[in-house]
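Undergrad: generate coordinates for the sequence data below:
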Amino acid sequence: MSFEKALEDLEKVVEKLEKGGLSLNESLSLFEKGVKLAKFLREELEKAEKKVEILLKDEKGQVKAEPFQLEGEEDTGEQDESSGGGEDNNLPF
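TA: Below you'll find the predicted structure:
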């Protein structure tokens, strides 16, 4: 299952539960499905975060901020003035 499909399914589960009008068994079944989907999504996000960390580690094993570039963009070597020019030490990982 893809991340996007799981997220879509979880949104539908939440919508049905919020709407109400279900029997107890239906509600419990949907809740169980939602918990499984949430666990899958959390695991997928953790995998993605680990991949990003690996890609950003420098030769000393320290995570450092890297500017994001889309494929095909050229690196001009200039810093983005809106970033303030300093390192961002508030990375979420």
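
Undergrad: which elements pack onto the longest helix along the chain?
TA: Secondary structure of the chain read by DSSP state H shows that its longest helix is helix 24-56. Applying 3 or more Cβ pairs under 8 Å, 6 or more residues apart in numbering; DSSP states H and E, one finds that helix 24-56 contacts helix 3-19. Where you see a C-beta, it was placed from the backbone N, CA and C, and this is true even at glycine.

Undergrad: got a list of what A6 touches?
TA: Residues in contact with A6 (Cβ atoms under 8 Å, 6 or more residues apart in numbering) are 37, 40-41, 44.

Undergrad: mind redoing it with 7 Å?
TA: Contacts for A6 (Cβ atoms under 7 Å, 6 or more residues apart in numbering) come out as 37, 40-41.

Undergrad: among these, which one has the most neighbours?
TA: Within those, most neighbours by other Cβ atoms under 10 Å means L37, with 21 neighbours.

Undergrad: what's the burial count for the closest residue to F3 other than its chain neighbours?
TA: Leaving aside its sequence neighbours, F3 sits nearest to E44 (Cβ to Cβ, 6 or more residues apart in numbering; 4.9 Å). By other Cβ under 10 Å, 15 other residues sit near E44.

Undergrad: what's the closest of the contacts of A6 to V13?
TA: Distances from V13 to the contacts of A6, taken as Cβ to Cβ, are shortest for L37 (6.8 Å).

Undergrad: so who does that closest one touch?
TA: L37 neighbours (Cβ under 7 Å, 6+ apart): 6, 9-10, 13.
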